[in-house]
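> Below are the sequence and a predicted model; questions follow.
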Amino acid sequence: MKLSKKVVLLGHFGVGKTSLFKRFIDNEFSEEYKVTLGVQIKKKVVILPDGRELSMIIWDAEGHSNSVEDTRKSYLLGSHAFIYVFDLTREDTYIHLNKDLTYLKENYKVPTKVLGNKLDLVNEKEMIAALKSKDIPFDCLTSAKTNKNVQQFFSDLSIEITT
Amino acid sequence: MEEQDKLKILKELLLTEEKEFTDSLAEKVEELTKIVHQKKELSYKVDPIIDDKLDDFVREIPKTLGPTITEALKEEIKNSQDAVVEALFPIIGKMIKKYIAQEMRLLSENISRNTRKAFSFKNWFRRTAAKAQGITEGDLAISDYNKPRLVQMFVIEKNSGILIADYSPLSDNTIDKEMVAGMLTAIKSFVEDAFEGGDQNLELIEYELFTIHIQNFYSYYVAAVISGAYTMMFKEVLEDQIIDFATHNISSKDLENSTLFTQKLKKHFADEIV
């Protein structure tokens, strides 16, 4: 039986949502920054450990400037998971993270995974310590540029949303 | 008291105010020197002025430079007509080519069908119908040619945009239907959000030779891609057929079983709609 799941990428402008999206789906990366307007949708078929095929329909929503509440609500409806992306080099992209996570949890009963992106630009150990000291929760730190942890993250997510 | 001391006292008495004034001037000069020589300090003072001037400049551009730029562009286009045609030709040519290809395909389909049916009962009936309506058989054939046809049908989960089932009577099927379902849902959501009009739904998308008929149900919607003339009569018949399909064939179980749903969809819409 066909298995399809909708996953939405959320986060501030310029945190690397589209780069993660392209890295995961097409294994491509570009230094050029183009703002996403509205939403772009792509599909990736993932083979699950039990052999089933999962069509992961990923919605790369345009970034918000203040809070995740600014994101068009209709884009979020019917999602099976959210990926909240923040930029490890810009504190303003994760300063309201806890508030945003509470909003998502209260309004949409689906798992939200938190990704700190642009790992190639920071010292990983120092960054983890800094995030912990600021009480910023995260599930994974990635670099769309170097592909660090990207494939593993999506692979883990595909298992989580199908079990 | 010596002469020198007396003079000093006298100086102090007479020049106190001047000394204070001189000291304050020296202090101000020192402050200004600091501002002028330290980039940060100078920038703090000067930046707002430059920003204001720049804003004024940007605001004034359309007034001051606009007419000159427009004139220059007009002149350039006038002088380089060949270059403009050269640049536009591939785009226009491609559009015309695409249009002709589409028309030729439809015409070829029509000729093949008509050839096959030339000696059929239907053909005899058409001749009689044309005579009865007082029009030529050719006019009747043209109206047949522009007849609306179902190209593709999607059943899509309303909020998620996940494709539940799809059917196409045409064999040429190269598009990624799951992505189309997602994009259709995003377009639909965008339009419905953008023009706040209560609980209204997007029901029609038109693009050149095709029309996408959208029919909304509670948890899913049906999108039917139609080629040819999408008339009110056709719309009514299509709506009735979709409602009939939804009423008699779709249960909540079907929505979870996409394979079964697709089979039912094929069976129901295999025949021509009108």
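In hand now; what should we look at?

> can we go C-alpha only for contacts and neighbour counts from here?
Fine.

> how about the residue in chain B that chain A sits nearest to, secondary structure?
In chain B, the residue found nearest to chain A is residue B:160; the distance is 4.0 Å by C-alpha to the nearest C-alpha. Counting by DSSP: H, G, I helix; E, B strand; the rest coil, the backbone at residue B:160 sits in coil.

> And for residue B:205?
strand.

> element containing the most centrally placed residue in chain B?
Chain B has residue B:187 as the residue nearest its centroid, 8.0 Å off, counting by C-alpha atoms, centre = their mean. Using DSSP states H and E, residue B:187 maps to helix B:177-194.

> what does that helix contact?
A:39-43, A:57, A:74-75, B:154, B:156, B:158-163, B:166, B:200-202 (C-alpha atoms under 8 Å, 6 or more residues apart in numbering or on different chains).

> List only those of these flagged as buried.
Buried members of the contacts of helix B:177-194, counted by 16 or more other C-alpha atoms under 10 Å in any protein chain shown: A:39-43, A:57, A:74-75, B:154, B:156, B:158-163, B:166, B:202.

> just to revisit the earlier point, can you pull the contacts of the residue of chain B closest to chain A?
Counted by C-alpha under 8 Å, 6+ apart, residue B:160 has contacts A:6, A:77-79, B:182, B:185.

> By neighbours, which of the residues you listed wins?
residue B:182 (27 neighbours; other C-alpha atoms under 10 Å in any protein chain shown).

> Could you find the closest non-adjacent residue to the closest residue to chain B within chain A?
The nearest approach of chain A to chain B comes at residue A:78, 4.0 Å away (C-alpha to the nearest C-alpha). Sequence neighbours aside, residue B:160 is the residue nearest to residue A:78 in space, at 4.0 Å (criterion: C-alpha to C-alpha, 6 or more residues apart in numbering or on different chains).

> Pull up the gap between that neighbour and residue B:219, please.
10 Å (C-alpha to C-alpha, to the nearest Å).

> ditto for residue A:160
25 Å.

> any idea of the mean pLDDT in stretch B:71-88?
Taken as a whole, stretch B:71-88 has an average pLDDT of 75.

> Checking the closest residue in space to residue B:170 that isn't next to it in sequence next. Helix, strand or coil?
Closest residue in space to residue B:170, ignoring its immediate chain neighbours: residue B:151 at 6.6 Å, by C-alpha to C-alpha, 6+ apart. Of the three states, residue B:151 takes strand under three-state DSSP.

> Wait, residue B:151 touches residue B:225, no?
Yes - at 5.4 Å, residue B:151 counts as touching residue B:225 under the criterion of C-alpha atoms under 8 Å.

> Name the residue in those two with the higher neighbour count.
More neighbours surround residue B:225 than the other of residue B:151 and residue B:225, with 20 against 17 (other C-alpha under 10 Å).

> returning to what we had before: would JSON lines of the contacts of residue B:160 with distance to residue B:9 be doable?
Shown next, in JSON lines, are the contacts of residue B:160 (distance: C-alpha to C-alpha, whole Å):
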{"residue": "A:6", "distance to residue B:9": "92"}
{"residue": "A:77", "distance to residue B:9": "89"}
{"residue": "A:78", "distance to residue B:9": "92"}
{"residue": "A:79", "distance to residue B:9": "90"}
{"residue": "B:182", "distance to residue B:9": "94"}
{"residue": "B:185", "distance to residue B:9": "94"}
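
> I am finished for the moment; much appreciated.
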